[in-house]
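After the sequence you'll find the predicted model.
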Amino acid sequence: MSTPDCTFKNQAAGESQLTANMIQLTIRLLPLLLAGAALTAQTSAKHARTTNPAQEARAIQDSAIIIDTHADTPQRFLDENFDLGTVTSVGEGHMDLEKVRQGNLGAEFFSIWVEPKYAGHFAHRALALIDSVNQQAGRHPGEMMMAYSAEDIVRARSQRPRKFAALMGVEGGHAIENDLHLLRDFYRLGVRYMTLTWSNTNEWADSSGDINDAKVKHHNGLTDFGKEVVREMNRLGMLVDISHVSDKTFYDTLLISRAPVIASHSSARALTNHPRNMTDDMLRAVARNGGVVQVNFFSAFIDEDFRKAYAAQAKERDQAVAAVDEKYKDADAATRYREHDRAQKEWAEKIPRPPLKSLIDHLDHVAKVAGIDHVGLGSDFDGVSSLPQEIDSVADLPKITQALLARGYTAAQVEKVLGGNFLRVFREAERVSREMQGQTAAQSKAAKASK
Ligand SMILES: [Zn+2]
């Protein structure tokens, strides 16, 4: 920004000696003088903005495309009959269209989370959840739209008024019921990532959630079929999500995947020692792979004191929640969901919420270890019973922007964290998919010609 200003000054100094042409010169210089004045005005406006962090955060928040890669709201759509257009208290839920607008969220990956209790009809449950997301988009066409690509996210943002882009990720590879045909069907229905496992090991990939449970049959990472699933996801252009998987599954996946991977909602183990979180070595491996780690906001994943306290109450909490589930087992789905959620939150509220700083520390750690190009946001809204202080819902996302600026991150770096990095990874996975599909087409053409 200083360059045109200097040029102007040098020109003025050189020509000021030609007094005879002073008037003419002034006329000639007038546009430059005006431009200089405009520049000064711009500079001071920018300066004024940086002196008010809240305003600067707001400006970045307005211009960035903000993408969150994990929210469990579809269970609320389906089981609680929740409509995204209804404004709810933060105690009830973390997301509704008004809060999305306040937080300026551009795109959300709604989780198609298939609870293992649906054994025998995993795909059925996934299909119902997929429909529930589509129904929301159908009910609110003026405010939101379904999105299926990186370009769709950008397009939703450029609509006037802006639209909120809804995308979907299947959480738990058991949803495909060991069948690549179903994997392809899910892709056709709009699913753009799949978390290889949830907390349960499935028949082709180990999970971090039960890796120490001797009763569970493990595979030492990915089975041959699991590797085939990853390759097929690459070919389809479905992002491979390594959140929740065991460490060995993680490393197996990185060896197989031709596209960059994502961790849709995972934090750093060096700061909070939970097996669900990623070690520094894993963070560096994702960076080498070109992928992105979207940090989870759950208090027990971002704060060591909270994690310990939460683990200490686990037995008592699980019993109490199970008793609530039992009490309402014959009630309607909405009541069952609400009472279960309430019991979970009541127990989590016995532990003080960690400061927002704990979450920012995780973003900062991933940015330092993996690099600023490999970190993003994976809130886990509506899937967790406790969030850090100041983050009550999606409406509070600007506070993260503000906190990152306060730590010295530049506007450009913050925009990467808010969504830029994820968009890059999504585009690259789409490119790899086109390349692989092109190769398949060329191979079948060659095979046909040789016959
Ligand atoms: Zn999860």
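Cool, the structure landed.

so the spatially most central residue of the chain is in which element?
What sits nearest the mean C-alpha location of the chain, by Cα atoms, centre = their mean, is residue 69, with 2.5 Å. According to DSSP states H and E, residue 69 maps onto strand 67-71.

hang on, the earlier thing: kindly state the pLDDT recorded for the residue nearest to the centre of the chain?
pLDDT recorded at residue 69 is 98.

do the same with residue 444
pLDDT, read off for residue 444, is 85.

if we can go back for a sec, ok, the residue nearest to the centre of the chain - contacts?
Residues near residue 69 by Cβ atoms under 8 Å, 6 or more residues apart in numbering: 109, 169, 193, 262, 264, 265, 294, 376, 377, 378, 422. For glycine as for every other residue, the C-beta is placed from the backbone atoms N, C-alpha and C.

Can you tell me which of the residues you listed end up in strands?
If you go by DSSP state E, the contacts of residue 69 have 109, 169, 193, 262, 294, 376, 377 in strands.

Which members of those are classed as buried?
Among these, those classed as buried by 16 or more other Cβ atoms under 10 Å are 109, 169, 193, 262, 294, 376, 377.

Closest to residue 325 out of those residues?
residue 169 (26.1 Å; Cβ to Cβ).

quick one: that closest one and residue 191 touch, right?
Yes: here residue 169 reaches residue 191: they are 6.6 Å apart, a contact under Cβ atoms under 8 Å.

Give the residues shared as contacts by these two.
What both residue 169 and residue 191 touch, as defined by Cβ under 8 Å, 6+ apart, is the set residue 112.

what would the buried ones among the ones in strands among the contacts of residue 69 look like in JSON lines with pLDDT and distance to residue 399?
As requested, those are exported to JSON lines (pLDDT from 0 to 100; distance: Cβ to Cβ, whole Å):
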{"residue": "109", "pLDDT": "98", "distance to residue 399": "21"}
{"residue": "169", "pLDDT": "98", "distance to residue 399": "25"}
{"residue": "193", "pLDDT": "98", "distance to residue 399": "26"}
{"residue": "262", "pLDDT": "98", "distance to residue 399": "24"}
{"residue": "294", "pLDDT": "98", "distance to residue 399": "18"}
{"residue": "376", "pLDDT": "98", "distance to residue 399": "16"}
{"residue": "377", "pLDDT": "98", "distance to residue 399": "12"}
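
next structured bit after the strand holding residue 69?
helix 73-79.

How far off centre is that following helix?
19 Å (Cα atoms, centre = their mean, to the nearest Å).

Only the buried residues of the helix or strand just after it, if you could.
Later in the chain than helix 73-79, the nearest helix or strand by DSSP H and E is helix 97-103. By neighbour count on 16+ other Cβ under 10 Å, the buried set for helix 97-103 is 97, 98, 99, 100, 103.

And the residues you listed, which is closest to residue 450?
Nearest member of the buried residues of helix 97-103 to residue 450, counting by Cβ to Cβ, is residue 100, at 54.4 Å.

Double-check residue 60 against residue 412; I have them as touching.
No: judged on Cβ under 8 Å, residue 60 makes no contact with residue 412 at a distance of 9.3 Å.

which of those two has more neighbours?
residue 60 (23 against 11; other Cβ atoms under 10 Å).

What's the local residue count around the nearest residue to residue 78 once chain neighbours are set aside?
In space, residue 78 comes closest to residue 132 once its chain neighbours are excluded; the distance is 4.3 Å by Cβ to Cβ, 6 or more residues apart in numbering. By other Cβ under 10 Å, the residues close to residue 132 number 20.

mind checking how far residue 132 is from residue 245?
26 Å (Cβ to Cβ, to the nearest Å).

now residue 228
Distance from residue 228 to residue 245, by Cβ to Cβ: 16 Å.

do the same with residue 421
Applying Cβ to Cβ, the value for residue 421 to residue 245 is 21 Å.

Also residue 311?
For residue 311, the distance to residue 245 - Cβ to Cβ - is 21 Å.

For the two, indicate the residue with more neighbours.
residue 245 (31 against 12).

re earlier: next one, pLDDT for the residue nearest to residue 78 please.
Value for residue 132, per-residue pLDDT: 98.

what's near enough to touch it?
Neighbouring residues of residue 132 by Cβ under 8 Å, 6+ apart: 74, 77, 78.

What is the burial count for the last one?
Pointing back at residue 78 there. 20.

give me every residue that touches it.
So residue 78 contacts 128, 129, 132, 333 (Cβ under 8 Å, 6+ apart).

go on, the first one?
Remark: with contacts taken as Cβ under 8 Å, 6+ apart, residue 74 is in contact with 110, 111, 112, 113, 129, 132, 133.

As TSV, the contacts of residue 132 with distance to residue 157 and pLDDT would be great.
Shown next, in TSV, are the contacts of residue 132 (distance: Cβ to Cβ, whole Å; pLDDT from 0 to 100):
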residue	distance to residue 157	pLDDT
74	22	98
77	23	97
78	27	96
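
Return the member of those residues nearest to residue 148.
residue 74 (16.6 Å).

Isn't residue 254 up against residue 263?
No: the criterion here is Cβ under 8 Å, and residue 254 misses it with residue 263 at 11.4 Å.

out of the two, which sits in the busier spot?
Counting neighbours by other Cβ under 10 Å for residue 254 and for residue 263 shows that residue 263 has the greater number, 31 against 19.

Return the distance of that one relative to residue 188.
Taken as Cβ to Cβ, the span from residue 263 to residue 188 is 25 Å.

Same check on residue 67?
Taken as Cβ to Cβ, the span from residue 67 to residue 188 is 23 Å.

low pLDDT regions in the stretch 301-450 of the chain?
Of all residues in the stretch 301-450 of the chain, none has pLDDT under 70.

mind running it again at 90?
333, 337, 439-450 (pLDDT under 90).

mind listing the helices for it?
304-312, 314-327, 333-348, 356-369, 397-406, 411-415, 421-450 (DSSP state H, counting those that start in this stretch).

what's the closest of those helices to residue 240?
Among the helices of the stretch 301-450 of the chain, helix 421-450 comes nearest to residue 240, with 8.2 Å by Cβ to Cβ.

What are the buried residues along that closest one?
In helix 421-450, counting by 16+ other Cβ under 10 Å, buried: 421, 422, 423, 424, 425, 426, 428, 429, 430, 432, 433, 436.

and what of stretch 241-257?
Here stretch 241-257 shows 241-254, 256-257 as buried, counting by 16+ other Cβ under 10 Å.

And the buried ones among the ones in strands among the contacts of residue 69, which is closest to residue 52?
Among those, and counting by Cβ to Cβ, the member closest to residue 52 is residue 377, at 23.6 Å.

give me the beta-bridge partners of that closest one?
residue 68, residue 295 (DSSP bridges).

show me what contacts it?
66, 67, 68, 69, 294, 295, 397, 400, 417, 418, 419.

ok, now residue 169?
Residue 169 is in contact with 69-70, 109-112, 191-195, 239, 241, 264, counting by Cβ under 8 Å, 6+ apart.

Can you flag the buried ones in these?
Using 16+ other Cβ under 10 Å, the buried ones in the contacts of residue 169 are 69-70, 109-112, 191-195, 239, 241, 264.
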